[in-house]
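Colleague: with the input below, show me the fold.
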Amino acid sequence: MIGNDVLIAFYDTRANLDLDAHLSFAAQDCVFRMVGTPKLGALTQTWSGLGEIHGIARELFEAWDMSQLEIVSIDRCGETAYVHRKGSVIYRPDGSALDTELIDKLTFRDGAVVEYLQFVDTFAIADFISEKRATAMV
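Modeller: Down below sits the predicted model:
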């Protein structure tokens, strides 16, 4: 079973924008998906393998500062951890903040993440993105 220290280190690499260290937790055949409405387009598609995940992770790291999220709780069931986080997520291009809560489901095999599902408030994100698009049009 994966300990809290590993999970905290995983999130620290994200908060510190260390993409390579963050991806070092993932298995070669890892799958990542942000669970939500298809209206969010590429954000909610399934990304498989480190090659695909590296590309989307780079985009997410560049666009979103998640260093203000705190871990509220960690629960486990076998090799799966459920991590509840809350706080502000900063949209880097303009510095605006979105207060939110996330639940991450991380499944491990041989100490590496093989599935990372991120449950987000897709309505809030869609609303936030549509505001950005409307502002850009003005």
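Colleague: what sits against the residue most central in space within the chain?
Modeller: The centroid of the chain falls nearest to Q118 when counting by CA atoms, centre = their mean (5.8 Å). Each residue near Q118 by CB atoms under 8 Å, 6 or more residues apart in numbering is listed here: 32-35, 102-105. (C-beta placed from N, C-alpha, C; glycine too.)
Colleague: now do E101
Modeller: Contacts were defined as CB under 8 Å, 6+ apart; by that measure E101 touches 72, 84-86, 121.
Colleague: equivalent analysis for D110, please.
Modeller: A27.
Colleague: what ranges of this structure fall below the confidence cut-off?
Modeller: Applying pLDDT under 70 to the chain flags residues 132-138.
Colleague: ranges for the helices of the protein?
Modeller: Per DSSP state H, the chain has helices spanning 4-15, 19-23, 49-63, 122-137. These are given in chain order.
Colleague: in stretch 99-109, what's buried?
Modeller: When neighbours are counted by 16 or more other CB atoms under 10 Å, the buried residues of stretch 99-109 are found to be 100, 102-108.
Colleague: in TSV: those residues, plus distance to R76.
Modeller: TSV is the format used below for the buried residues of stretch 99-109 (distance: CB to CB, whole Å):
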residue	distance to R76
T100	23
L102	17
I103	13
D104	12
K105	11
L106	10
T107	11
F108	10
